[in-house]
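*Asks:* can't give you the sequence, but here's the structure:
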(Lines give C-alpha, C1' and ligand atoms only; values in the text may rest on other atoms or scores of the structure.)
Protein backbone atom coordinates (compact mmCIF):
# COMPACT_ATOMS: atom_id res chain seq x y z
CA UNK A 1 0.00 0.00 0.00
CA UNK A 2 1.24 3.48 -0.83
CA UNK A 3 2.65 5.20 2.27
CA UNK A 4 0.43 8.23 1.74
CA UNK A 5 -2.64 6.03 1.98
CA UNK A 6 -1.54 4.56 5.31
CA UNK A 7 -2.42 7.73 7.21
CA UNK A 8 -5.27 6.78 9.59
CA UNK A 9 -7.31 9.83 8.58
CA UNK A 10 -7.11 8.90 4.88
CA UNK A 11 -8.03 5.27 5.53
CA UNK A 12 -10.98 6.36 7.67
CA UNK A 13 -12.25 8.67 4.92
CA UNK A 14 -11.95 5.88 2.35
CA UNK A 15 -13.84 3.37 4.48
CA UNK A 16 -16.55 5.92 5.32
CA UNK A 17 -17.44 6.08 1.62
CA UNK A 18 -18.16 2.35 1.40
CA UNK A 19 -21.82 1.18 1.58
CA UNK A 20 -22.93 -0.88 4.56
CA UNK A 21 -26.68 -1.23 3.96
CA UNK A 22 -26.88 -4.72 2.47
CA UNK A 23 -25.59 -8.05 3.73
CA UNK A 24 -23.12 -8.19 0.84
CA UNK A 25 -21.82 -4.74 1.80
CA UNK A 26 -21.13 -5.85 5.36
CA UNK A 27 -19.40 -9.02 4.17
CA UNK A 28 -17.21 -6.89 1.92
CA UNK A 29 -16.32 -4.58 4.81
CA UNK A 30 -15.42 -7.54 7.00
CA UNK A 31 -13.15 -8.93 4.28
CA UNK A 32 -11.54 -5.51 3.93
CA UNK A 33 -10.94 -5.32 7.69
CA UNK A 34 -9.17 -8.69 7.64
CA UNK A 35 -7.13 -7.95 4.52
CA UNK A 36 -4.67 -5.48 6.03
CA UNK A 37 -3.70 -4.45 9.55
CA UNK A 38 -3.92 -0.75 8.67
CA UNK A 39 -7.50 -1.21 7.44
CA UNK A 40 -8.73 -3.23 10.42
CA UNK A 41 -9.94 -0.41 12.66
CA UNK A 42 -11.38 1.97 10.01
CA UNK A 43 -13.20 -0.90 8.24
CA UNK A 44 -14.66 -2.16 11.53
CA UNK A 45 -15.73 1.40 12.38
CA UNK A 46 -17.69 1.46 9.13
CA UNK A 47 -19.03 -2.08 9.58
CA UNK A 48 -20.51 -1.30 12.99
CA UNK A 49 -21.43 2.30 12.25
CA UNK A 50 -25.10 1.37 11.79
CA UNK A 51 -26.95 -1.48 13.54
CA UNK A 52 -30.09 -2.83 11.88
CA UNK A 53 -30.82 -5.91 13.95
CA UNK A 54 -30.98 -6.90 17.59
CA UNK A 55 -29.05 -10.02 16.58
CA UNK A 56 -25.94 -7.83 16.35
CA UNK A 57 -25.71 -7.57 20.14
CA UNK A 58 -25.81 -11.31 20.82
CA UNK A 59 -22.22 -12.24 19.76
CA UNK A 60 -20.79 -9.06 21.32
CA UNK A 61 -21.64 -10.34 24.82
CA UNK A 62 -20.56 -13.66 26.40
CA UNK A 63 -22.14 -16.71 24.77
CA UNK A 64 -22.84 -18.15 28.23
CA UNK A 65 -25.53 -15.50 28.70
CA UNK A 66 -27.92 -16.51 25.98
CA UNK A 67 -30.57 -19.09 25.40
CA UNK A 68 -31.42 -18.85 21.70
CA UNK A 69 -34.43 -20.61 20.23
CA UNK A 70 -36.48 -20.50 17.05
CA UNK A 71 -40.15 -19.69 17.61
CA UNK A 72 -43.14 -19.88 15.29
CA UNK A 73 -45.04 -16.68 14.59
CA UNK A 74 -48.28 -18.53 15.30
CA UNK A 75 -48.82 -22.13 16.39
CA UNK A 76 -48.17 -24.39 13.40
CA UNK A 77 -46.80 -21.55 11.25
CA UNK A 78 -43.73 -22.11 9.09
CA UNK A 79 -42.61 -18.54 9.61
CA UNK A 80 -40.03 -18.40 12.37
CA UNK A 81 -38.22 -15.74 14.35
CA UNK A 82 -35.35 -15.89 16.82
CA UNK A 83 -36.19 -15.44 20.49
CA UNK A 84 -33.25 -14.74 22.79
CA UNK A 85 -33.56 -15.37 26.53
CA UNK A 86 -31.18 -15.61 29.47
CA UNK A 87 -29.33 -18.62 30.86
CA UNK A 88 -27.94 -16.67 33.80
CA UNK A 89 -27.89 -13.20 35.30
CA UNK A 90 -26.16 -10.45 33.34
CA UNK A 91 -23.15 -9.01 35.18
CA UNK A 92 -21.55 -5.64 34.61
CA UNK A 93 -18.32 -7.47 33.81
CA UNK A 94 -20.08 -9.00 30.80
CA UNK A 95 -20.23 -5.53 29.25
CA UNK A 96 -16.54 -4.64 29.62
CA UNK A 97 -15.38 -5.66 26.14
CA UNK A 98 -18.61 -4.57 24.47
CA UNK A 99 -18.48 -1.05 25.94
CA UNK A 100 -14.79 -0.55 25.13
CA UNK A 101 -14.62 -2.17 21.69
CA UNK A 102 -18.07 -2.27 20.04
CA UNK A 103 -20.20 0.50 21.56
CA UNK A 104 -17.94 3.44 20.56
CA UNK A 105 -18.31 2.44 16.91
CA UNK A 106 -22.13 2.39 16.88
CA UNK A 107 -23.43 5.76 15.64
CA UNK A 108 -26.83 4.77 14.22
CA UNK A 109 -29.60 2.35 15.22
CA UNK A 110 -32.24 1.45 12.64
CA UNK A 111 -34.71 -1.17 13.83
CA UNK A 112 -37.73 -2.04 11.73
CA UNK A 113 -37.98 -5.36 9.91
CA UNK A 114 -36.88 -7.46 12.88
CA UNK A 115 -36.32 -11.21 12.64
CA UNK A 116 -35.16 -11.59 16.24
CA UNK A 117 -36.01 -10.16 19.63
CA UNK A 118 -35.32 -10.61 23.34
CA UNK A 119 -37.59 -12.06 25.98
CA UNK A 120 -38.95 -9.62 28.55
CA UNK A 121 -36.54 -11.13 31.07
CA UNK A 122 -33.59 -10.45 28.76
CA UNK A 123 -34.73 -6.88 28.06
CA UNK A 124 -35.04 -6.16 31.77
CA UNK A 125 -31.71 -7.83 32.47
CA UNK A 126 -29.98 -5.54 29.98
CA UNK A 127 -31.61 -2.53 31.62
CA UNK A 128 -30.50 -3.59 35.09
CA UNK A 129 -26.94 -4.33 33.92
CA UNK A 130 -26.67 -0.82 32.44
CA UNK A 131 -28.08 0.76 35.62
CA UNK A 132 -31.24 1.85 33.80
CA UNK A 133 -29.28 4.67 32.17
CA UNK A 134 -30.82 6.10 28.96
CA UNK A 135 -28.70 4.86 26.08
CA UNK A 136 -26.89 2.36 28.27
CA UNK A 137 -26.43 -0.11 25.40
CA UNK A 138 -25.31 2.49 22.86
CA UNK A 139 -23.76 5.39 24.79
CA UNK A 140 -22.34 7.05 21.63
CA UNK A 141 -25.26 6.67 19.23
CA UNK A 142 -26.34 9.82 17.38
CA UNK A 143 -29.27 8.66 15.21
CA UNK A 144 -32.10 6.22 16.01
CA UNK A 145 -34.90 5.05 13.73
CA UNK A 146 -37.38 3.05 15.80
CA UNK A 147 -40.09 1.50 13.63
CA UNK A 148 -41.61 -1.40 15.54
CA UNK A 149 -45.05 -1.20 13.98
CA UNK A 150 -46.47 -4.40 12.39
CA UNK A 151 -45.29 -4.85 8.80
CA UNK A 152 -45.21 -7.55 6.15
CA UNK A 153 -41.43 -7.90 6.03
CA UNK A 154 -41.04 -8.98 9.67
CA UNK A 155 -42.09 -12.33 11.16
CA UNK A 156 -42.54 -10.86 14.62
CA UNK A 157 -46.09 -10.65 15.88
CA UNK A 158 -47.68 -7.40 16.99
CA UNK A 159 -47.49 -8.65 20.56
CA UNK A 160 -43.73 -9.19 20.36
CA UNK A 161 -43.18 -5.80 18.76
CA UNK A 162 -45.20 -4.07 21.46
CA UNK A 163 -43.14 -5.81 24.14
CA UNK A 164 -39.93 -4.52 22.57
CA UNK A 165 -41.12 -0.96 21.93
CA UNK A 166 -40.52 0.59 25.39
CA UNK A 167 -36.89 -0.58 25.46
CA UNK A 168 -36.02 2.32 23.21
CA UNK A 169 -34.56 3.73 26.43
CA UNK A 170 -31.68 1.22 26.19
CA UNK A 171 -30.45 2.92 23.03
CA UNK A 172 -31.57 6.58 23.11
CA UNK A 173 -29.53 8.72 25.45
CA UNK A 174 -27.65 11.98 25.99
CA UNK A 175 -25.64 11.71 22.76
CA UNK A 176 -28.68 11.08 20.56
CA UNK A 177 -29.20 14.02 18.20
CA UNK A 178 -31.70 12.51 15.75
CA UNK A 179 -34.73 10.40 16.74
CA UNK A 180 -37.28 8.95 14.30
CA UNK A 181 -40.29 7.14 15.80
CA UNK A 182 -42.99 5.22 13.94
CA UNK A 183 -45.77 4.21 16.31
CA UNK A 184 -49.47 3.57 16.81
CA UNK A 185 -51.05 5.95 19.31
CA UNK A 186 -53.92 3.49 19.79
CA UNK A 187 -51.48 1.06 21.47
CA UNK A 188 -51.00 2.15 25.08
CA UNK A 189 -47.43 0.90 25.57
CA UNK A 190 -46.25 2.55 22.35
CA UNK A 191 -47.95 5.81 23.23
CA UNK A 192 -46.44 5.81 26.72
CA UNK A 193 -42.97 5.22 25.29
CA UNK A 194 -43.33 8.03 22.77
CA UNK A 195 -44.54 10.42 25.48
CA UNK A 196 -41.32 9.96 27.42
CA UNK A 197 -38.90 9.78 24.48
CA UNK A 198 -37.78 13.46 24.54
CA UNK A 199 -36.69 13.05 28.17
CA UNK A 200 -34.15 10.44 27.04
CA UNK A 201 -32.41 12.78 24.59
CA UNK A 202 -31.60 16.07 26.26
CA UNK A 203 -29.73 17.43 23.22
CA UNK A 204 -32.20 16.35 20.54
CA UNK A 205 -31.80 18.27 17.27
CA UNK A 206 -33.96 16.24 14.84
CA UNK A 207 -37.26 14.60 15.75
CA UNK A 208 -39.58 12.66 13.45
CA UNK A 209 -43.00 11.34 14.52
CA UNK A 210 -45.04 9.04 12.27
CA UNK A 211 -48.33 7.91 13.77
CA UNK A 212 -49.87 5.06 11.76
CA UNK A 213 -53.18 5.55 13.60
CA UNK A 214 -54.08 8.50 11.35
CA UNK A 215 -54.95 12.20 11.53
CA UNK A 216 -57.55 12.29 14.30
CA UNK A 217 -55.48 10.12 16.63
CA UNK A 218 -52.44 12.32 16.07
CA UNK A 219 -54.44 15.51 16.56
CA UNK A 220 -55.68 14.25 19.92
CA UNK A 221 -52.22 14.32 21.51
CA UNK A 222 -49.73 16.22 19.36
CA UNK A 223 -50.61 19.69 20.68
CA UNK A 224 -50.11 18.87 24.37
CA UNK A 225 -47.10 16.75 23.44
CA UNK A 226 -45.20 19.60 21.81
CA UNK A 227 -46.07 21.95 24.67
CA UNK A 228 -44.79 19.49 27.29
CA UNK A 229 -41.12 20.03 26.44
CA UNK A 230 -38.98 23.11 25.87
CA UNK A 231 -37.31 21.82 22.66
CA UNK A 232 -34.50 24.34 23.10
CA UNK A 233 -32.10 22.36 20.90
CA UNK A 234 -34.60 21.09 18.30
CA UNK A 235 -33.71 22.13 14.74
CA UNK A 236 -35.66 19.65 12.56
CA UNK A 237 -39.24 18.47 13.18
CA UNK A 238 -41.10 16.00 10.96
CA UNK A 239 -44.68 15.07 11.84
CA UNK A 240 -47.50 13.36 9.99
CA UNK A 241 -50.77 15.07 10.91
CA UNK A 242 -51.22 18.64 12.12
CA UNK A 243 -54.26 20.90 12.45
CA UNK A 244 -54.32 24.69 12.63
CA UNK A 245 -54.64 24.57 16.43
CA UNK A 246 -50.98 23.59 16.61
CA UNK A 247 -49.62 26.52 14.60
CA UNK A 248 -48.94 28.75 17.65
CA UNK A 249 -46.96 25.98 19.38
CA UNK A 250 -44.89 25.37 16.27
CA UNK A 251 -44.22 29.09 15.82
CA UNK A 252 -42.64 29.31 19.28
CA UNK A 253 -39.95 26.65 18.77
CA UNK A 254 -36.86 28.85 19.12
CA UNK A 255 -34.29 27.01 17.01
CA UNK A 256 -36.50 25.17 14.54
CA UNK A 257 -34.87 25.50 11.10
CA UNK A 258 -36.69 22.72 9.20
CA UNK A 259 -40.37 21.76 9.46
CA UNK A 260 -41.97 18.92 7.51
CA UNK A 261 -45.67 18.05 7.83
CA UNK A 262 -46.95 15.24 5.64
CA UNK A 263 -50.67 15.87 6.17
CA UNK A 264 -51.68 19.37 7.20
CA UNK A 265 -55.25 20.47 7.88
CA UNK A 266 -55.66 24.23 8.01
CA UNK A 267 -58.57 26.61 8.03
CA UNK A 268 -59.86 29.27 5.64
CA UNK A 269 -56.99 31.57 4.63
CA UNK A 270 -57.03 35.34 4.40
CA UNK A 271 -57.93 36.48 0.89
CA UNK A 272 -56.57 39.23 -1.33
CA UNK A 273 -58.33 41.76 -3.55
CA UNK A 274 -57.89 42.17 -7.32
CA UNK A 275 -54.81 44.33 -6.72
CA UNK A 276 -53.14 41.67 -4.59
CA UNK A 277 -53.67 43.49 -1.30
CA UNK A 278 -54.94 41.62 1.79
CA UNK A 279 -58.65 42.13 2.37
CA UNK A 280 -57.93 42.26 6.11
CA UNK A 281 -54.82 43.55 7.85
CA UNK A 282 -53.80 40.14 9.13
CA UNK A 283 -50.06 40.62 8.55
CA UNK A 284 -49.67 43.22 11.32
CA UNK A 285 -51.24 40.73 13.75
CA UNK A 286 -48.57 38.08 13.12
CA UNK A 287 -46.08 37.98 16.04
CA UNK A 288 -42.75 39.29 14.76
CA UNK A 289 -40.92 36.50 16.56
CA UNK A 290 -43.03 33.69 15.05
CA UNK A 291 -40.91 30.93 13.50
CA UNK A 292 -37.73 32.87 14.33
CA UNK A 293 -35.29 30.33 12.87
CA UNK A 294 -37.35 28.58 10.19
CA UNK A 295 -35.47 28.15 6.90
CA UNK A 296 -36.98 25.06 5.25
CA UNK A 297 -40.74 24.35 5.10
CA UNK A 298 -42.15 21.21 3.46
CA UNK A 299 -45.91 20.65 3.60
CA UNK A 300 -48.33 18.12 2.11
CA UNK A 301 -52.06 18.81 2.07
CA UNK A 302 -55.25 17.71 0.35
CA UNK A 303 -56.32 21.31 -0.26
CA UNK A 304 -54.40 24.27 -1.66
CA UNK A 305 -55.89 26.67 0.86
CA UNK A 306 -54.41 24.66 3.75
CA UNK A 307 -50.99 25.55 2.35
CA UNK A 308 -51.93 29.22 2.01
CA UNK A 309 -53.27 29.28 5.54
CA UNK A 310 -50.05 27.96 7.04
CA UNK A 311 -47.85 30.29 5.02
CA UNK A 312 -49.88 33.22 6.33
CA UNK A 313 -48.70 32.42 9.87
CA UNK A 314 -45.12 33.39 8.98
CA UNK A 315 -44.05 37.05 9.24
CA UNK A 316 -42.67 38.60 6.03
CA UNK A 317 -39.25 39.30 7.56
CA UNK A 318 -38.50 35.59 7.88
CA UNK A 319 -35.44 33.45 7.15
CA UNK A 320 -37.16 31.00 4.81
CA UNK A 321 -35.05 29.92 1.86
CA UNK A 322 -36.88 26.72 0.82
CA UNK A 323 -40.58 25.96 0.35
CA UNK A 324 -41.92 22.66 -0.92
CA UNK A 325 -45.71 22.36 -1.15
CA UNK A 326 -47.22 19.06 -2.29
CA UNK A 327 -50.91 18.70 -3.09
CA UNK A 328 -52.08 15.15 -2.35
CA UNK A 329 -55.56 15.47 -3.84
CA UNK A 330 -57.04 17.07 -6.95
CA UNK A 331 -55.93 20.54 -7.96
CA UNK A 332 -58.44 23.31 -7.17
CA UNK A 333 -58.08 26.33 -9.47
CA UNK A 334 -60.16 28.50 -7.13
CA UNK A 335 -57.38 28.72 -4.54
CA UNK A 336 -54.20 28.95 -6.61
CA UNK A 337 -54.35 32.77 -6.77
CA UNK A 338 -54.55 32.99 -2.98
CA UNK A 339 -51.51 30.77 -2.67
CA UNK A 340 -49.55 32.85 -5.18
CA UNK A 341 -50.43 36.06 -3.34
CA UNK A 342 -49.43 34.47 -0.03
CA UNK A 343 -46.09 33.57 -1.58
CA UNK A 344 -45.66 37.16 -2.73
CA UNK A 345 -46.37 38.57 0.75
CA UNK A 346 -44.57 35.99 2.89
CA UNK A 347 -41.40 35.09 0.96
CA UNK A 348 -38.50 37.33 1.91
CA UNK A 349 -36.55 38.36 -1.23
CA UNK A 350 -33.35 38.60 0.80
CA UNK A 351 -33.37 34.95 1.84
CA UNK A 352 -35.68 32.98 -0.46
CA UNK A 353 -33.96 30.53 -2.82
CA UNK A 354 -36.13 27.49 -3.65
CA UNK A 355 -39.82 26.90 -4.45
CA UNK A 356 -41.47 23.60 -5.36
CA UNK A 357 -45.23 23.40 -6.06
CA UNK A 358 -46.38 19.97 -7.14
CA UNK A 359 -49.13 17.40 -7.10
CA UNK A 360 -48.47 13.83 -6.04
CA UNK A 361 -51.37 12.11 -7.82
CA UNK A 362 -49.78 9.78 -10.44
CA UNK A 363 -52.65 9.89 -12.89
CA UNK A 364 -52.11 10.14 -16.67
CA UNK A 365 -55.85 10.24 -17.35
CA UNK A 366 -56.13 13.99 -16.96
CA UNK A 367 -59.60 15.48 -17.30
CA UNK A 368 -59.35 18.86 -19.03
CA UNK A 369 -62.11 21.25 -19.96
CA UNK A 370 -62.98 21.57 -23.63
CA UNK A 371 -62.30 25.30 -24.10
CA UNK A 372 -58.76 25.89 -22.84
CA UNK A 373 -58.85 29.52 -23.98
CA UNK A 374 -61.23 30.34 -21.13
CA UNK A 375 -59.13 28.52 -18.55
CA UNK A 376 -56.56 30.82 -16.87
CA UNK A 377 -52.97 29.68 -16.63
CA UNK A 378 -50.93 29.83 -13.43
CA UNK A 379 -49.27 33.26 -13.43
CA UNK A 380 -46.26 32.24 -11.40
CA UNK A 381 -43.93 34.92 -12.80
CA UNK A 382 -45.98 37.88 -11.60
CA UNK A 383 -46.14 36.44 -8.10
CA UNK A 384 -42.42 35.69 -7.79
CA UNK A 385 -40.68 38.33 -9.89
CA UNK A 386 -39.36 40.15 -6.82
CA UNK A 387 -37.57 37.04 -5.55
CA UNK A 388 -34.40 37.89 -7.44
CA UNK A 389 -32.21 35.40 -5.55
CA UNK A 390 -34.32 32.42 -6.66
CA UNK A 391 -32.22 29.38 -7.59
CA UNK A 392 -34.80 26.57 -7.90
CA UNK A 393 -38.33 26.81 -9.30
CA UNK A 394 -40.44 23.72 -9.91
CA UNK A 395 -44.20 23.87 -10.64
CA UNK A 396 -46.38 21.02 -11.89
CA UNK A 397 -50.09 20.28 -11.49
CA UNK A 398 -52.18 17.72 -13.34
CA UNK A 399 -55.09 19.85 -14.57
CA UNK A 400 -53.58 23.30 -15.01
CA UNK A 401 -50.32 24.62 -16.37
CA UNK A 402 -48.07 27.64 -16.17
CA UNK A 403 -48.02 27.51 -19.99
CA UNK A 404 -44.89 29.59 -20.46
CA UNK A 405 -45.02 32.23 -23.20
CA UNK A 406 -42.06 33.60 -25.21
CA UNK A 407 -42.08 36.81 -23.13
CA UNK A 408 -41.96 34.70 -19.97
CA UNK A 409 -38.66 33.18 -21.03
CA UNK A 410 -37.15 36.64 -21.49
CA UNK A 411 -38.44 37.66 -18.08
CA UNK A 412 -37.05 34.54 -16.44
CA UNK A 413 -33.54 35.40 -17.61
CA UNK A 414 -34.10 38.93 -16.27
CA UNK A 415 -35.81 38.12 -12.95
CA UNK A 416 -33.81 35.06 -11.90
CA UNK A 417 -30.26 35.10 -13.29
CA UNK A 418 -29.10 32.70 -10.56
CA UNK A 419 -31.39 29.82 -11.52
CA UNK A 420 -29.86 26.37 -11.10
CA UNK A 421 -33.05 24.37 -11.68
CA UNK A 422 -36.19 25.31 -13.61
CA UNK A 423 -38.88 22.66 -14.00
CA UNK A 424 -42.31 23.72 -15.29
CA UNK A 425 -45.29 21.59 -16.44
CA UNK A 426 -43.38 18.35 -17.09
CA UNK A 427 -44.87 15.83 -14.64
CA UNK A 428 -48.24 15.42 -16.37
CA UNK A 429 -49.34 15.34 -20.03
CA UNK A 430 -51.42 18.19 -21.36
CA UNK A 431 -53.39 18.74 -24.56
CA UNK A 432 -52.59 22.46 -24.62
CA UNK A 433 -50.04 23.00 -27.44
CA UNK A 434 -46.75 24.42 -26.10
CA UNK A 435 -46.44 28.18 -26.62
CA UNK A 436 -42.64 28.13 -26.81
CA UNK A 437 -40.20 26.30 -29.08
CA UNK A 438 -36.48 25.66 -29.45
CA UNK A 439 -35.77 29.39 -29.82
CA UNK A 440 -36.91 30.04 -26.25
CA UNK A 441 -34.98 26.99 -25.11
CA UNK A 442 -31.83 28.52 -26.59
CA UNK A 443 -32.62 31.84 -24.94
CA UNK A 444 -32.72 30.12 -21.55
CA UNK A 445 -29.56 28.14 -22.20
CA UNK A 446 -27.64 31.30 -23.07
CA UNK A 447 -29.41 33.51 -20.54
CA UNK A 448 -29.07 31.59 -17.25
CA UNK A 449 -25.37 30.79 -16.78
CA UNK A 450 -25.82 28.51 -13.74
CA UNK A 451 -28.72 26.42 -15.06
CA UNK A 452 -28.03 22.69 -14.60
CA UNK A 453 -31.51 21.14 -14.56
CA UNK A 454 -34.25 22.21 -16.97
CA UNK A 455 -37.77 20.90 -17.53
CA UNK A 456 -40.13 22.44 -20.10
CA UNK A 457 -42.89 21.56 -22.54
CA UNK A 458 -41.98 23.10 -25.89
CA UNK A 459 -42.61 22.64 -29.59
CA UNK A 460 -39.60 20.66 -30.82
CA UNK A 461 -40.88 20.21 -34.38
CA UNK A 462 -39.51 23.41 -35.93
CA UNK A 463 -35.82 22.83 -35.33
CA UNK A 464 -33.43 23.04 -38.27
CA UNK A 465 -30.34 20.93 -38.87
CA UNK A 466 -28.09 23.53 -37.26
CA UNK A 467 -29.23 26.07 -34.69
CA UNK A 468 -26.88 28.93 -33.87
CA UNK A 469 -26.50 30.99 -30.72
CA UNK A 470 -29.42 33.45 -30.65
CA UNK A 471 -28.82 37.17 -31.05
CA UNK A 472 -30.59 37.80 -27.74
CA UNK A 473 -28.06 35.62 -25.88
CA UNK A 474 -26.79 37.23 -22.68
CA UNK A 475 -23.73 34.96 -22.53
CA UNK A 476 -21.38 33.45 -25.11
CA UNK A 477 -21.21 30.01 -23.50
CA UNK A 478 -24.22 27.76 -22.81
CA UNK A 479 -25.46 26.86 -19.37
CA UNK A 480 -24.08 23.57 -18.00
CA UNK A 481 -27.34 21.65 -18.56
CA UNK A 482 -26.99 18.15 -17.06
CA UNK A 483 -30.65 17.11 -16.94
CA UNK A 484 -33.48 17.97 -19.37
CA UNK A 485 -37.13 16.95 -18.90
CA UNK A 486 -39.35 17.41 -21.97
CA UNK A 487 -42.63 15.74 -20.87
CA UNK A 488 -44.81 15.15 -23.98
CA UNK A 489 -43.17 17.85 -26.12
CA UNK A 490 -43.92 17.09 -29.79
CA UNK A 491 -40.84 16.09 -31.80
CA UNK A 492 -40.33 15.08 -35.46
CA UNK A 493 -36.57 14.96 -36.15
CA UNK A 494 -34.56 13.20 -33.41
CA UNK A 495 -31.33 13.48 -35.44
CA UNK A 496 -31.55 17.28 -35.43
CA UNK A 497 -31.94 17.26 -31.67
CA UNK A 498 -28.90 15.05 -31.29
CA UNK A 499 -26.86 17.73 -33.07
CA UNK A 500 -28.55 20.45 -31.00
CA UNK A 501 -27.57 18.80 -27.72
CA UNK A 502 -24.02 18.25 -28.91
CA UNK A 503 -23.64 21.92 -29.83
CA UNK A 504 -25.58 23.66 -27.06
CA UNK A 505 -25.82 21.15 -24.18
CA UNK A 506 -22.39 19.46 -24.13
CA UNK A 507 -22.81 18.29 -20.52
CA UNK A 508 -26.17 16.59 -21.20
CA UNK A 509 -24.93 12.99 -21.15
CA UNK A 510 -28.22 11.06 -21.05
CA UNK A 511 -30.21 13.15 -23.53
CA UNK A 512 -33.71 14.41 -22.84
CA UNK A 513 -36.12 12.68 -20.46
CA UNK A 514 -39.68 12.39 -21.84
CA UNK A 515 -42.78 11.50 -19.86
CA UNK A 516 -43.02 7.73 -19.34
CA UNK A 517 -46.26 6.48 -20.92
CA UNK A 518 -46.11 2.73 -20.44
CA UNK A 519 -49.34 0.89 -21.20
CA UNK A 520 -50.77 3.30 -23.76
CA UNK A 521 -51.42 2.12 -27.35
CA UNK A 522 -48.89 3.03 -30.03
CA UNK A 523 -51.29 5.30 -31.92
CA UNK A 524 -51.36 7.78 -29.02
CA UNK A 525 -49.12 10.72 -30.06
CA UNK A 526 -47.24 10.97 -26.78
CA UNK A 527 -46.11 7.34 -27.17
CA UNK A 528 -44.41 8.24 -30.44
CA UNK A 529 -42.95 11.38 -28.86
CA UNK A 530 -41.44 9.30 -26.08
CA UNK A 531 -39.86 6.90 -28.57
CA UNK A 532 -38.43 9.75 -30.63
CA UNK A 533 -36.92 11.51 -27.62
CA UNK A 534 -35.41 8.25 -26.42
CA UNK A 535 -33.91 7.67 -29.87
CA UNK A 536 -32.00 10.97 -29.70
CA UNK A 537 -29.23 9.32 -27.68
CA UNK A 538 -29.39 5.90 -29.38
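*Replies:* Happy to help now that I have it. Remember, it's a predicted structure, so these values are computed and weren't measured experimentally.

*Asks:* C-alpha only now, for contacts and for neighbours.
*Replies:* OK.

*Asks:* Now whatever helix or strand residue 503 lives in: buried residues?
*Replies:* Assigned by DSSP states H and E, residue 503 belongs to helix 494-504. By neighbour count on 16 or more other Cα atoms under 10 Å, the buried set for helix 494-504 is 494, 496-501, 504.

*Asks:* closest to residue 475 among these?
*Replies:* Proximity of the buried residues of helix 494-504 to residue 475, judged by Cα to Cα, is greatest for residue 504, which lies at 12.3 Å.

*Asks:* Let me know whether the closest one touches residue 478 as I believe.
*Replies:* Yes: counting by Cα atoms under 8 Å, residue 504 touches residue 478, with 6.1 Å between them.

*Asks:* circling back: could you list the residues in contact with the helix holding residue 503?
*Replies:* Here helix 494-504 makes contact (Cα atoms under 8 Å, 6 or more residues apart in numbering) with 442, 445, 463-467, 478, 508, 511, 532-533, 535-537.

*Asks:* So what's the predicted local confidence for the residue lying farthest from the centre of the chain?
*Replies:* Note on the chain: the largest C-alpha distance from the chain mean falls to residue 88, namely 45.4 Å (Cα atoms, centre = their mean). Confidence at residue 88, expressed as pLDDT, is 95.

*Asks:* cool, and the one 10 residues further on?
*Replies:* The model reports residue 98 with a pLDDT of 94.

*Asks:* OK, contacts around the closest residue to the residue farthest from the centre of the chain other than its chain neighbours?
*Replies:* Excluding the flanking residues, the one nearest residue 88 by Cα to Cα, 6 or more residues apart in numbering is residue 65, at 5.8 Å. Applying Cα under 8 Å, 6+ apart, we find residue 65 in contact with 86-90.

*Asks:* Where does residue 288 sit: helix, strand or coil?
*Replies:* coil (DSSP: H, G, I helix; E, B strand; the rest coil).

*Asks:* quick one: the helices in the stretch 151-300 of the chain?
*Replies:* 158-164, 188-200, 215-227, 247-251 (DSSP state H, counting those that start in this stretch).

*Asks:* Show me the one of those helices that comes nearest residue 124.
*Replies:* Using Cα to Cα, these put helix 158-164 closest to residue 124, at 10.5 Å.

*Asks:* average model confidence for the closest one?
*Replies:* Computed over helix 158-164, the mean pLDDT rounds to 90.

*Asks:* Who are the packing partners of the helix or strand hosting residue 82?
*Replies:* Using DSSP H and E, the element containing residue 82 is strand 80-86. Under the contact criterion of 3 or more Cα pairs under 8 Å, 6 or more residues apart in numbering; DSSP states H and E, strand 80-86 touches strand 66-72, strand 116-118, helix 120-129.

*Asks:* residues contacting residue 163?
*Replies:* Residue 163 sits next to residue 120 when contact means Cα under 8 Å, 6+ apart.

*Asks:* From the chain's centroid, how far away is whichever strand or helix holds residue 381?
*Replies:* Taking DSSP H and E as the definition, residue 381 sits inside helix 380-384. Remark: helix 380-384 is offset 26 Å from the chain centroid, using Cα atoms, centre = their mean, to the nearest Å.
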